[in-house]
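*Asks:* My questions are about this predicted structure, shown below with the sequence.
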Amino acid sequence: MNLEQNKILEDKKSNFEIVYQGKMFEVIKWEGKPGVMFETAVRAPGVRLLIECEKDGQKALLMTKEFRRERGIERFDYRLPGGKVFDTLDELNKFKKEGTNISDKVLETAKKEGKEEAGISGGEFSEIEVSKAGASVDWDLHYFVVKGSEFGEQELEEYEKGDIETITFSVKEIFEKLKSREIKEGRSADVLWSWLAEKGYIKFSE
């Protein structure tokens, strides 16, 4: 979000009413048209990383196998490494009030999460997409392709240890896991399909 977009959002929020605020989410409502009320749930943005590497002579990505509460009895999910740009809404709102361009903060977070979750250092980080959750949920995910990193050990928070491990999938394995719907975060699955197609790893015959 650039400074101009930030200002527009803050100007609009002068007409907003916060009807709920927790640590991670707030719900705001406003009159979009005369007599018509709208609600939006707001959450701090996040980052996701497509960390390119090789496996068995094929292009591959370093991903994570994570324990996820929402998976129920299945327990684990295969995911792109990443995390929150801000840990709380208070941090996000303070940042917005300062009028600072969020791009630098997003890139800083991408590098931090790459080191912590995936154990990578250095490399070239290129933002390829900002995924929007929808009109009624304001939760952006910033996707980066990462090339040329050095691979090392994870630096997980204490509460994350045992719940997140790195795993390398070739493009063929990623394709198969997408087909079998083993990658459950929908927006990340969408970006992975696009990445496979753009790189020419998905081919169609007439």
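*Replies:* Now that the structure is in, tell me what you want to look at.
*Asks:* Which element, helix or strand, includes Arg187?
*Replies:* helix 186-198 (DSSP states H and E).
*Asks:* which residues sit against that helix?
*Replies:* Helix 186-198 is contacted by residues 48, 50, 79-80, 128-129, 131, 133, 141, 143, 145, 171, 174-175, 178, 183, 202 when judged by CB atoms under 8 Å, 6 or more residues apart in numbering. Using the backbone N, CA and C atoms, a C-beta is placed for each residue, glycine as well.
*Asks:* repeat for stretch 152-170
*Replies:* 53, 55-56, 58-67, 78, 81, 115-121, 177.
*Asks:* try it again with 6 Å
*Replies:* 55, 58, 60-67, 115-116, 118-119 (CB atoms under 6 Å, 6 or more residues apart in numbering).
*Asks:* repeat for stretch 81-93
*Replies:* Here stretch 81-93 has contacts from 23, 26, 44-49, 64, 106, 109, 113, 117-118, using CB under 6 Å, 6+ apart.
*Asks:* Look at that stretch and report the distance between its end residues.
*Replies:* 25 Å (CA to CA, to the nearest Å).
*Asks:* what's the distance between it and the middle of its chain?
*Replies:* The chain centroid and the centroid of stretch 81-93 are separated by 11 Å, computed with CA atoms, centre = their mean, to the nearest Å.
*Asks:* Good, wrapping up.
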